[in-house]
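Visitor: sequence and predicted structure below; questions after.
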Amino acid sequence: MVTFSMLRFPTIEGAIEMETTLTDLQELHLLDIQEAAILVWSPGAKCPKTQRQHSLAEQSTLIDRFWDDFFELVLPLSPSGNTSGAAARERQGKFADCGISHEFIQETRNKVTEGCSALFLLTHNAASVKMMKALKGQTVEIIMINLSTTQVEDLQATFGI
């Protein structure tokens, strides 16, 4: 089973600090991260900065188009200008077909606000339990959805190499 997660931190440093913890878990083979991206929305900035985290996702299965399309849907003020109308519905449909629901995207959109950071992860094999232990005592909001093998294959076919 694969889990797509959004970990939202109330500070701009939170996601970056958590990256170190997750790297340690990955090195100990306690966590299998397939994809990772960080979002940081500095106070006063018009929109957040996003960056794919190659250091966490050594065995990347998706191309940058996945993250570009995902953040275009989630961020109301993305640098490239949020697509509206038919193009947005088509993009939304691509994600829904792969198991990433409109509700997940909408909830993420509502939680990503100025002054916060977020870590987006695609993890394998019940990583959520290990990740929860690593998060104990931290201020973090988590949204997770589990994706079936078929949905992961659809993600790879839609956005993959």
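Guide: Done, it's in. Numbers count the residues shown, from 1 in each chain.

Visitor: CA only for contacts and neighbour counts going forward, please
Guide: Noted.

Visitor: find the centremost residue of this structure, please.
Guide: Nearest to the geometric centre of the chain sits Phe120, at 2.3 Å (Cα atoms, centre = their mean).

Visitor: quick check: which element contains it?
Guide: Using DSSP states H and E, the element containing Phe120 is strand 117-124.

Visitor: neighbouring strands of that strand in the sheet, and parallel or not?
Guide: strand 2-9 (antiparallel), strand 32-40 (antiparallel) (DSSP bridges).

Visitor: least reliable of those going by mean pLDDT?
Guide: For these, the stretch scoring lowest in mean pLDDT is strand 32-40; its value is a mean of 87.

Visitor: run through the neighbouring helices and strands of the helix or strand following that one.
Guide: Per DSSP H and E, the first helix or strand lying C-terminal to strand 32-40 is strand 49-52. Contacts defined by 3 or more Cα pairs under 8 Å, 6 or more residues apart in numbering; DSSP states H and E place strand 49-52 against strand 32-40.

Visitor: re the thing from before, contacts for the strand holding Phe120, please.
Guide: 1-16, 19, 31-41, 112 (Cα atoms under 8 Å, 6 or more residues apart in numbering).
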